[in-house]
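Colleague: please work out how this folds:
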Amino acid sequence: MIQKRNAIYLGAENKPSLYDASIPENWNKELIVFIHGYMGFKDWGAWNLVMNFFNKKRYGFLKYNVSHNGCSIENPTEFVDLNSFRKNNYMKEIEDFESIMAEIGRFSKKPQKIHLIGHSRGGGIALLQSRHASVDSICTWAAIASIEDRFPKGKDLEEWKKNGVYYRFNGRTQQNMPHDYNQYENFLQNKERLNIKKYCINADIPIQVIHGTNDYSVSLEEGRKISDWAKTKLIEINDTQHTFDSKHPWKEDQLPQKLKEVCQKTLNFFKNI
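Modeller: Numbering: from 1, shown residues only. Purely as a prediction, here's the structure:
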């Protein structure tokens, strides 16, 4: 097994961030790149067990912290850098992805295929790579279908513009997470590049869409939209929520059953490509 743990890459604005990569001894020459979601990080919940699951099936696996997710090099699992979180935007996360792809290009053992798994907001970022020359397939887990829909509307949007910042409460950490109005301005400037629907419709690679039926963070309807646009069947995981019964911290040494089911369906998808 070749492993990199908390290796450093330079993401958007040359900000250093961290990634993990593991290549099993009997590697099948295929690499999975995992993109975490909003208020997430590479070591959230059971993501390390997800990596282990695919390593045991002969897949290489890479997961990374987006550069402006609010964590730091010294504290990769805590939101200690809220100034960076405040300044994050979707284009920076696309830039982070490009930096990770460049990092893969420097590996001594290069993959023959690259598959993406994106969770939640990370699923949206993954779908925006559907025309990327190095990406062979995409699997989304509880992905967002629209970036525009994630922003405040009406009076809330006006208040955001007036104040320059709005806050969203993180119930797990009990923190008020700041969002700079520049996030919205950046979206308006890059609306075409951030149009998930367009990238799904024009995709020329296989896409799999997985969503929990009891997801109250990103509704099942968003999964239906993505699957319709991508002309693929929506895979519904019954009686489970946004993170497929995982939580942070995850203290068990096994995947929750629903997340294991998601991993198995994802594995079957990659195998059939």
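
Colleague: looks to me like I125 is in a helix.
Modeller: Yes - I125 sits within a helix when classified using DSSP: H, G, I helix; E, B strand; the rest coil.

Colleague: per-residue pLDDT of it, please?
Modeller: At I125 the predicted local distance difference test score is 98.

Colleague: just S108 next, same as before
Modeller: 87.

Colleague: repeat that for S146.
Modeller: Note on S146: pLDDT of 98.

Colleague: that one contacts V218, doesn't it?
Modeller: No - between S146 and V218 there is no contact, the gap being 10.3 Å when judged by C-beta atoms under 8 Å. (Glycine included, C-beta is placed from N, CA and C.)

Colleague: neighbour-wise, which of those two wins?
Modeller: Under the neighbour definition other C-beta atoms under 10 Å, S146 and V218 were set side by side, and V218 has more, 24 against 15.

Colleague: looks to me like the more buried one is in a strand.
Modeller: No - assigned with three-state DSSP, V218 falls outside any strand and is coil.

Colleague: quick one: it from Y38, how far?
Modeller: Applying C-beta to C-beta, to the nearest Å, one obtains 9 Å for the distance of V218 from Y38.

Colleague: list residues touching both of the two?
Modeller: Overlap of the contact sets of V218 and Y38 (by C-beta atoms under 8 Å, 6 or more residues apart in numbering) consists of S120.

Colleague: I'd say F244 and C263 touch.
Modeller: No - using C-beta under 8 Å, F244 and C263 do not qualify as a contacting pair, with a distance of 9.1 Å.

Colleague: which of these two has more neighbours?
Modeller: F244 (26 against 22).

Colleague: please name the residues that touch the more buried one.
Modeller: Counting by C-beta under 8 Å, 6+ apart, F244 touches 141-142, 212, 237, 256, 258-259, 261-262.

Colleague: looking at those residues, which are in helices?
Modeller: Using DSSP state H, the members of the contacts of F244 that fall in helices are 258-259, 261-262.

Colleague: among those, who's most crowded?
Modeller: Compared across the ones in helices among the contacts of F244, V262 has the highest neighbour count, 29 neighbours, by other C-beta under 10 Å.

Colleague: how close does that one get to P249?
Modeller: Distance check for V262 against P249: by C-beta to C-beta, it reads 20 Å.

Colleague: residues in contact with the spatially most central residue of the chain?
Modeller: What sits nearest the mean C-alpha location of the chain, by C-alpha atoms, centre = their mean, is G122, with 2.3 Å. Taking C-beta under 8 Å, 6+ apart as the contact definition, G122 lies against 34-37, 40, 143.

Colleague: from these, keep the buried residues only.
Modeller: If you count burial by 16 or more other C-beta atoms under 10 Å, the buried members of the contacts of G122 come out as 34-37, 40, 143.

Colleague: is it true that A46 touches Q257?
Modeller: No - the pair A46 and Q257 does not pass the contact test of C-beta under 8 Å, sitting 11.4 Å apart.

Colleague: so which of the two has more stuff around it?
Modeller: Under the neighbour definition other C-beta under 10 Å, A46 and Q257 were set side by side, and A46 has more, 26 against 11.

Colleague: name the residues that touch stretch 201-219?
Modeller: Taking contacts as C-beta under 8 Å, 6+ apart, the residues outside stretch 201-219 that touch it are 120, 127, 130-131, 135-144, 200, 220, 222-223, 226-227, 229-230, 232-242, 244, 258, 262, 265-266, 269, 273.

Colleague: so how far is the helix or strand where V209 lies off the chain centroid?
Modeller: With secondary structure defined by DSSP states H and E, V209 is part of strand 207-212. Its chain's average C-alpha position is 13 Å from that of strand 207-212, according to C-alpha atoms, centre = their mean, to the nearest Å.
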